[in-house]
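Enquirer: Let's see this in three dimensions:
(chains A and B)
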Number of protein chains: 2
Amino acid sequence: MAKAVFYHAGCKVCVSAEQMVLDNLDPSKAAVEIVHLGEQRNRIAEAEGAGVQSVPALVIDGNVFHINFGASLEDVKKG
Amino acid sequence: MAKAVFYHAGCKVCVSAEQMVLDNLDPSKAAVEIVHLGEQRNRIAEAEGAGVQSVPALVIDGNVFHINFGASLEDVKKG
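Expert: Numbers count the residues shown, from 1 in each chain, chains lettered A, B, ... in the order given. The predicted structure is shown next:
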């Protein structure tokens, strides 16, 4: 089972990408954790360490997939 | 069942995104067609019409999700 984390910051782009991920990822293949970096600011460093540069981003087994472009991680840091 | 088309052009970024899509999308939720725009150049206009601006991109039920950034569609057109 792959470990997947979907990082977002609540932006419009993020919400549609989150819905796509939740609607279409196979729960028997990947367990997805949703992290709202605007609310869980303590996890911004974790996202950065995983290689996330913008949100929304899906990290699956260490591979980072930036989806469309909602905001840069620098902007998320500024809050 | 959602209709999904994964457009790519064979670049390194495309290959890892394609693998992620194939490994993790739920086949009972979305039927994914893989289109290599470098080989199926006749489908570039279709991708553009769907709103694809760069590859790789996943189009699900008309929603476009650009994944990371492999190449712009303009570059794909130039071949």
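Enquirer: okay, CA-based contacts and neighbour counts for the rest of this
Expert: OK.
Enquirer: so what's A:G10 up against?
Expert: A:H36, A:G38 (C-alpha atoms under 8 Å, 6 or more residues apart in numbering or on different chains).
Enquirer: That one: what secondary structure?
Expert: coil (DSSP: H, G, I helix; E, B strand; the rest coil).
Enquirer: Enumerate every residue touching the residue in chain A that chain B sits nearest to.
Expert: Using C-alpha to the nearest C-alpha, the single residue of chain A nearest to chain B is A:D26, 4.0 Å away. A:D26 makes contact with B:N24, B:L25, B:D26, B:P27, according to C-alpha under 8 Å, 6+ apart.
Enquirer: Could you confirm whether the particular helix or strand that has A:V35 in it reaches chain B?
Expert: Using DSSP states H and E, A:V35 falls within strand A:30-36. Yes. Using C-alpha under 8 Å from any C-alpha of the partner chain, strand A:30-36 reaches chain B at A:A30.
Enquirer: so how far is whichever helix or strand comes after that strand from its chain's centroid?
Expert: Using DSSP H and E, the helix or strand that follows strand A:30-36 towards the C-terminus is helix A:44-49. Counting by C-alpha atoms, centre = their mean, to the nearest Å, helix A:44-49 is centred 11 Å from the centre of its parent chain.
Enquirer: Just list what helix A:44-49 packs against, helices and strands only.
Expert: Packing partners of helix A:44-49 (3 or more C-alpha pairs under 8 Å, 6 or more residues apart in numbering or on different chains; DSSP states H and E): helix A:73-78.
Enquirer: now with 10 Å?
Expert: The elements that helix A:44-49 packs onto, with contact taken as 3 or more C-alpha pairs under 10 Å, 6 or more residues apart in numbering or on different chains; DSSP states H and E, are strand A:2-8, strand A:30-36, strand A:54-60, helix A:73-78.
Enquirer: List the buried residues for the helix or strand containing A:A17?
Expert: Assigned by DSSP H and E, A:A17 belongs to helix A:12-24. With burial defined by 16 or more other C-alpha atoms under 10 Å in any protein chain shown, the residues of helix A:12-24 counted as buried are A:V13, A:C14, A:S16, A:A17, A:E18, A:V21, A:N24.
Enquirer: same check, this time on stretch A:23-36
Expert: For stretch A:23-36, by 16+ other C-alpha under 10 Å, it's A:N24, A:L25, A:D26, A:A30, A:V32, A:V35, A:H36.
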